[in-house]
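Chemist: give the three-dimensional model of this entry:
(one chain, ligands or ions: 2)
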Amino acid sequence: MIRPSFVGAIDQGTTSSRFLVFNQKGDMVATHQLEFQQHYPHSGWHEQDPEELVRSVEICVNGCVEEFENQGHTREQIVAVGITNQRETTVVWDKTTGKALHNAIVWTDARSQELVRKLKHRIGSGELNSRCGLPLSTYPSASKLLWLLENAPAVKEAYERGTLAFGTVDSWLVYKLNGGPARNIHVTDPSNASRTMFMNIETLEYDDDLLDWFRIDRNKVTLPKIVRSSDPQAYGSLTTTHLKGVRITGCLGDQSAALVGQKGFSAGLAKNTYGTGCFLLYNVGSKPVISKHGLLTTVAFDFGEGKRMYALEGSIATAGSSVMFLVNNFGFIDSPSKLSVLAEEVEDSGGCTFVTAFSGLFAPYWIDDARGTIFGITAYTKRGHIARATLEATCFQTQAILKAMEKDSGKPLTELRVDGGMCASDLIMQTQSDFIGFPVNRPGMRETTALGAAMAAGLAVGVWKSFEDLKDVNNDGRTIFRPQISEKEARKKFARWEKAVDMSRGWLNEVEVQ
Ligand SMILES: Nc1ncnc2c1ncn2[C@@H]1O[C@H](COP(=O)(O)OP(=O)(O)O)[C@@H](O)[C@H]1O
Ligand SMILES: O=P(O)(O)OC[C@H](O)CO
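Modeler: Ligands and ions are numbered 1, 2, ... in the order given. Modelled structure (predicted):
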């Protein structure tokens, strides 16, 4: 009897790691998830232990494979594994020992703000965006690596010795899961490399002019080799866990993976993922489009000739993390799923607007001197109003991003495909549809990020032969949210939001004392 094949996906996100197994119909058959520790050593700083990330992934692989086998399958049926990951988060290690030299600096970390401010005055800063697709900010990996080179002695020493290795989380995981220095597989894919500011967005190769501009000497630091997002050989194979020997054949940054998982294969399709942050990717086709309205240009995926796509991206730094903030810091609710319950205790935000600029505001505003600010509090304000204002903040920023996207692409979107933890809330999805004035389409199976990584891996080894083979995947159980408020009302709400954003500018500027 021929037993069916399955594909595994490692989803290493900002707050948790997961391993999931999918069958050939794209159904998720087993999963294991683990949260890991977040470190906030100073205000605005955010770190993770790179070794803990690897361990959490290994535990998830083993836990999931055990669940899979309990269903009567065998581990040999898992024929390939894909990786998807939080992007920009920067890991540095010594290539001779394979040991991390510092905690990972997470994408949300704003410690390089001062450094970025200085870099903006360097000649040529205005040309970076058109070359790499990203604005100069604390968000991409570049300023995080520069900060480490200036402030972490062990990193600086390894750089001077020429033993420093740099990577985003995908590279680090691939390197470690392959056994580290023994095999020394140090690779990345273009969707991840396009988040560093070191890759040329046209050629998909490292750009010497960009590296020179950042004063990074390529002889002193090893950057991961850029290979396709779906490749049968380049990513090696697992050397630990119950899946020892299974090839890693797909790799995508998590937002790209979600676009793939939502089958956003052709130009004009878009998805919005409401995780720790929130990221809207709009497939613009096989040529990059440089935004004039505060969006990023990124590689959507590279599945080889004729299947390499770019996206315009709207990145929101704080989304699900604002919900976690209400859970952990304010103690308003004991779990994220209670947010909607609290918000439904009131009819609206009671005149409150919460600019959740915990790490400044990303797209389309790029205000790095703002911090979280709640406007409109009165003696009437209740917790429910703050809960509503919190969830509305992500929906307003999505609305602002869609307006920018329409200006850049010349075409309005007519439907938004959604996924990510926060989209479990009907109230949030309804609010989103109300604000943007068109339908929000939520799939039944919401692990689209992992599904995208599995698709990349499965396409490389022939589990699926083409995009056409995937057309029936994840179509069931969709919910469509349609707008229930008038356009005029939505415009009024948005105008108030824009006023609040404007008023949040400059908070970090020094106060002059007379
Ligand atoms: N029912 C819910 N309502 C609102 N937010 C939620 C809900 N469930 C999860 N979340 C939020 O979703 C986020 C987790 O989403 P996930 O897609 O797993 O994120 P990540 O991949 O960034 O780790 C958390 O920040 C959490 O606050
Ligand atoms: O972990 P997420 O889902 O919030 O995604 C993180 C992004 O990749 C950061 O750019």
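
Chemist: just for the stretch 1-150 of the chain, where's the confidence low?
Modeler: 1 (pLDDT under 70).

Chemist: need the residues of it near ligand 2, please.
Modeler: With the criterion set to Cβ under 6 Å from any ligand atom, the stretch 1-150 of the chain comes near ligand 2 through 13-14, 86-88, 107. In short, each C-beta sits where N, CA and C put it, glycine included.

Chemist: reformat those residues as CSV; add secondary structure.
Modeler: Compiled in CSV, these are given as follows (DSSP: H, G, I helix; E, B strand; the rest coil):
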residue, secondary structure
Gly13, coil
Thr14, coil
Gln86, coil
Arg87, coil
Glu88, coil
Trp107, coil
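
Chemist: now flag whichever of the residues you listed is closest to His42.
Modeler: Trp107 (16.7 Å; Cβ to Cβ).

Chemist: what's around the nearest residue to the closest one once chain neighbours are set aside, how many residues?
Modeler: Excluding its sequence neighbours, the residue lying closest to Trp107 (Cβ to Cβ, 6 or more residues apart in numbering) is Glu88, at 3.8 Å. Per other Cβ atoms under 10 Å, the neighbour tally for Glu88 reads 25.

Chemist: I'd like to know how far Glu88 sits from Thr298.
Modeler: Distance of Glu88 to Thr298, computed by Cβ to Cβ, to the nearest Å: 11 Å.

Chemist: give me the three-state assignment for Thr249.
Modeler: Applying three-state DSSP: Thr249 is strand.

Chemist: run a quick neighbour tally on it.
Modeler: 27.

Chemist: can you give me the end-to-end distance of stretch 190-197?
Modeler: End-to-end distance of stretch 190-197 (Cα to Cα, to the nearest Å): 12 Å.

Chemist: quick one on the thing from earlier: now the two most distant members of the residues of the stretch 1-150 of the chain next to ligand 2.
Modeler: Most distant of those, by Cβ to Cβ, are Gly13 and Glu88, 12.9 Å apart.

Chemist: can you give me the pLDDT of Glu512?
Modeler: If you check Glu512, the pLDDT there is 61.

Chemist: going forward, begin numbering at 778 instead of 1
Modeler: Sure, I'll start numbering at 778, so the last one becomes Glu1289.

Chemist: neighbours of the residue in the stretch 1178-1291 of the chain that ligand 1 sits nearest to, how many?
Modeler: Ranking the residues of the stretch 1178-1291 of the chain by distance to ligand 1 (Cβ to the nearest ligand atom) places Gly1198 first, at 2.1 Å. By other Cβ under 10 Å, 20 other residues sit near Gly1198.

Chemist: contact partners for it?
Modeler: Gly1198 is in contact with 1051-1052, 1097, 1113, counting by Cβ atoms under 8 Å, 6 or more residues apart in numbering.

Chemist: any chance of the residues you listed in JSON lines, plus pLDDT, distance to ligand 2 and neighbour count?
Modeler: Supplementary listing: these in JSON lines, determined by pLDDT from 0 to 100; distance: Cβ to the nearest ligand atom, whole Å; neighbours: other Cβ atoms under 10 Å:
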{"residue": "Tyr1051", "pLDDT": "96", "distance to ligand 2": "9", "neighbour count": "28"}
{"residue": "Gly1052", "pLDDT": "92", "distance to ligand 2": "3", "neighbour count": "23"}
{"residue": "Gly1097", "pLDDT": "96", "distance to ligand 2": "7", "neighbour count": "23"}
{"residue": "Pro1113", "pLDDT": "96", "distance to ligand 2": "13", "neighbour count": "16"}
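
Chemist: figure out the length between the terminal residues of stretch 1191-1209.
Modeler: End-to-end span of stretch 1191-1209 (Cα to Cα): 13 Å.

Chemist: now find how far off-centre it is within its chain.
Modeler: Averaging C-alpha positions (Cα atoms, centre = their mean, to the nearest Å) puts stretch 1191-1209 17 Å from its chain's average.

Chemist: need the residues of the stretch 778-927 of the chain near ligand 1, please.
Modeler: 790-793.

Chemist: need the max-distance pair from these.
Modeler: Thr791 and Ser793 (8.1 Å).

Chemist: more crowded one of these two?
Modeler: Thr791 (22 against 16).

Chemist: got a list of what the more buried one touches?
Modeler: 863, 866, 883-885, 1052-1054, 1098.

Chemist: local confidence estimate at Leu1190?
Modeler: 83.

Chemist: skipping adjacent residues, who's closest to it in space?
Modeler: Distances taken as Cβ to Cβ, 6+ apart put Ala1047 closest to Leu1190, at 5.7 Å, once the chain neighbours are dropped.

Chemist: now for the one you found, how many residues are close by?
Modeler: Count around Ala1047 with other Cβ under 10 Å applied: 25.

Chemist: swap in Phe1139?
Modeler: Phe1139 - counted by other Cβ under 10 Å - has 29 other residues nearby.

Chemist: just checking, it touches Ala1094?
Modeler: Yes. Counting by Cβ atoms under 8 Å, Ala1094 is a contact partner of Phe1139 at 4.6 Å.

Chemist: which residues in the stretch 928-1077 of the chain form helices?
Modeler: Counting by DSSP state H, counting those that start in this stretch, the stretch 928-1077 of the chain has helices at residues 930-938, 946-954, 967-970, 985-990, 1031-1038.

Chemist: circling back: contacts only, for the residue nearest to Trp884.
Modeler: 884, 916-918, 921, 945, 972-973.

Chemist: same thing but at 7 Å, please
Modeler: By Cβ atoms under 7 Å, 6 or more residues apart in numbering, the contact set of Glu865 is 884, 916-918, 945, 972.

Chemist: go on, Leu1247?
Modeler: Contacts of Leu1247 (Cβ under 7 Å, 6+ apart): 803, 1040, 1232, 1241.

Chemist: top of the residues you listed by number of neighbours, please.
Modeler: Neighbour-wise, those (other Cβ under 10 Å) top out at Met1232, 33 neighbours.

Chemist: return the residues of the stretch 1028-1177 of the chain in contact with ligand 2.
Modeler: Residues of the stretch 1028-1177 of the chain lying near ligand 2 (Cβ under 6 Å from any ligand atom): 1030-1032, 1052-1054.

Chemist: isn't Pro781 right up against Gln801?
Modeler: Yes. Using Cβ atoms under 7 Å, Pro781 is in contact with Gln801, at 6.2 Å.

Chemist: so for the top helix by length along the chain, mean pLDDT?
Modeler: Longest helix in the chain, counting residues (DSSP state H): helix 1160-1186. Here helix 1160-1186 scores 95 as its mean pLDDT.

Chemist: what helices or strands is that helix leaning on?
Modeler: Packing partners of helix 1160-1186 (3 or more Cβ pairs under 7 Å, 6 or more residues apart in numbering; DSSP states H and E): strand 1055-1062, strand 1085-1093, helix 1097-1105, helix 1116-1120, strand 1130-1132, helix 1203-1213, helix 1264-1281.

Chemist: residue contacts, Thr1017?
Modeler: Here Thr1017 is in contact with 835, 954 (criterion: Cβ under 7 Å, 6+ apart).

Chemist: swap that for Ile1213, please
Modeler: 1175-1176, 1179, 1193.

Chemist: can you tell me how far the residue nearest to Gly1214 when sequence neighbours are not counted sits from Arg1219?
Modeler: Once flanking residues are discounted, Gly1214 sits nearest to Pro1260: 5.1 Å by Cβ to Cβ, 6+ apart. Pro1260 sits 15 Å away from Arg1219, going by Cβ to Cβ.
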